[in-house]
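In: output the structure for:
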Amino acid sequence: MADALAAILETTQAERLATGFVFTEGPLWHPDGFYYFVDVRASMMYRITPGRPHEVVREKTGGGNGTTFDLQGRLILCEGDNRRVTRRAAADRFEVLVDRFEGKRLNRPNDVVCRSDGSIYFTDPGLRVPFAEREVEHAGVYRIAPDGAVSLVADFEYPNGLAFSPDERLLYVANTRWAQYIHVLELDADGRMLRRRIFADMSSDETDGVPDGMKVDVEGRVYCTGPGGTWVFAPDATRLGVIRTPEVPANLAFGGPDLRTLFFTARTSVYTLRAKVPGQPHPWYRLRSR
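Out: Predicted structure coming up:
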């Protein structure tokens, strides 16, 4: 496994960019040269340019967690405590994208990704919402269509991190509680589920970490934070190894001008490593570079 990781990692010693947080999450590279990330438990959002101190972007995020961009480059945020998904409409204002499904209040939106057709997918686990306060009875993965229509893609035990395969025909979903695994949804051209299956078992004797944030590189490898570190799988689900960092990460992103810098949000800190293979670019990046 060490040899398999050596083939895809340029460096193995993580560099710490910043520390002193409570629980970091929501990593996202901006092509202007910085990363966004959040401190979930402190309800803060930051940006950091490597080599410079981090800066506050937003306070009182309502338990801000997963992040992405839409096709116009507008920041999208899952606000877990506020039970909604929002979009940055101005420097100091976020507007609600969705907070209800079929008239019922969402549970606790967690992670979010954008497809190249402009649709937005997000996870909505329910376990941490008191039973008496749950309006949507199931936990699920949802799709926000470009016209704003919201549909349930699939229900789950505890859906968490999300990532698309390079051709966007597969949507990987990390299941965090009870059985720990990565699920994969096979999608049709319109983004609806055709079938589903287990992609990889992530059960482990290690007690620190659960299947959580995910990203995919341009060759289809799946990087999923989990017990002990970041697990790396080949497209056929062969486990290539676990990337170890000083603190166990909850999420990661590919960044840098060449998308070969791995940026980890790991408990009280954020770290980077260099990869040999770039990450799958966000659809907005492609549009922006035209």
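In: use CA for all of it now, contacts and neighbours both
Out: Noted.
In: for this protein, which segments are assigned as helices?
Out: 2-6, 283-288 (DSSP state H).
In: so which of those is the most packed in?
Out: Stretch with highest mean neighbour count among the helices of the chain: helix 283-288 (a mean of 14; mean count of other C-alpha atoms under 10 Å).
In: picking that back up, among the helices of the chain, which is nearest Val85?
Out: helix 283-288 (18.7 Å; C-alpha to C-alpha).
In: quick one: average pLDDT of the closest one?
Out: Throughout helix 283-288, pLDDT has a mean value of 91.
In: starting at the chain centroid, how far to that helix?
Out: Mean-position distance between helix 283-288 and its chain equals 18 Å (C-alpha atoms, centre = their mean, to the nearest Å).
In: tell me the pLDDT of the nearest residue to Pro211 once chain neighbours are set aside.
Out: Leaving aside its chain neighbours, Pro211 sits nearest to Gly226 (4.3 Å; criterion: C-alpha to C-alpha, 6 or more residues apart in numbering). On pLDDT, Gly226 comes in at 97.
In: what do you get for Met1?
Out: pLDDT at Met1 comes out at 52.
In: picking up where we left off before, and the helices of the chain as JSON lines, adding distance to Leu97?
Out: Formatted as JSON lines, the helices of the chain follow (distance: least, C-alpha to C-alpha, whole Å):
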{"stretch": "helix 2-6", "distance to Leu97": "39"}
{"stretch": "helix 283-288", "distance to Leu97": "18"}
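In: can you tell me which of those comes nearest to Val38?
Out: helix 283-288 (20.8 Å).
In: got the contact list for the closest one?
Out: Applying C-alpha atoms under 8 Å, 6 or more residues apart in numbering, the contact partners of helix 283-288 are Pro31, Phe69, Asp70, Leu71, Gln72, Gly73, Cys114, Arg115, Ser116.
In: using JSON lines, lay out these together with distance to Glu157 and pLDDT.
Out: Output for the contacts of helix 283-288, formatted as JSON lines (distance: C-alpha to C-alpha, whole Å; pLDDT from 0 to 100):
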{"residue": "Pro31", "distance to Glu157": "35", "pLDDT": "97"}
{"residue": "Phe69", "distance to Glu157": "26", "pLDDT": "98"}
{"residue": "Asp70", "distance to Glu157": "27", "pLDDT": "98"}
{"residue": "Leu71", "distance to Glu157": "30", "pLDDT": "97"}
{"residue": "Gln72", "distance to Glu157": "32", "pLDDT": "96"}
{"residue": "Gly73", "distance to Glu157": "31", "pLDDT": "97"}
{"residue": "Cys114", "distance to Glu157": "22", "pLDDT": "98"}
{"residue": "Arg115", "distance to Glu157": "23", "pLDDT": "98"}
{"residue": "Ser116", "distance to Glu157": "27", "pLDDT": "97"}
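In: which single one of those residues is nearest to Asp124?
Out: Cys114 (15.6 Å).
In: what's the span of stretch 50-65 from first residue to last?
Out: 21 Å (C-alpha to C-alpha, to the nearest Å).
In: residues in contact with the closest residue to Ala275 other than its chain neighbours?
Out: Distance criterion C-alpha to C-alpha, 6+ apart; nearest residue to Ala275, sequence neighbours excluded, is Leu9 at 4.2 Å. Leu9 is in contact with Leu273, Arg274, Ala275, Lys276, Val277, counting by C-alpha under 8 Å, 6+ apart.
In: quick check, nearest of the contacts of helix 283-288 to His138?
Out: For the contacts of helix 283-288, the residue nearest His138 by C-alpha to C-alpha is Cys114; the value is 22.6 Å.
In: the top strand by length along the chain packs against which elements?
Out: Longest strand of the chain, by residue count under DSSP state E: strand 193-201. Judged by 3 or more C-alpha pairs under 8 Å, 6 or more residues apart in numbering; DSSP states H and E, strand 193-201 is in contact with strand 181-187.
In: could you give the mean pLDDT of the strand it packs on?
Out: In the prediction, strand 181-187 has an average pLDDT of 97.
In: what comes up buried for that strand?
Out: For strand 181-187, a neighbour-count test (16 or more other C-alpha atoms under 10 Å) marks Tyr181, Ile182, His183, Val184, Leu185, Glu186, Leu187 as buried.
In: what's the angle from that strand to strand 193-201?
Out: On the basis of axes from the mean of the first three to the mean of the last three C-alpha atoms, to 10 degrees, strand 181-187 is oriented at 160 degrees to strand 193-201.
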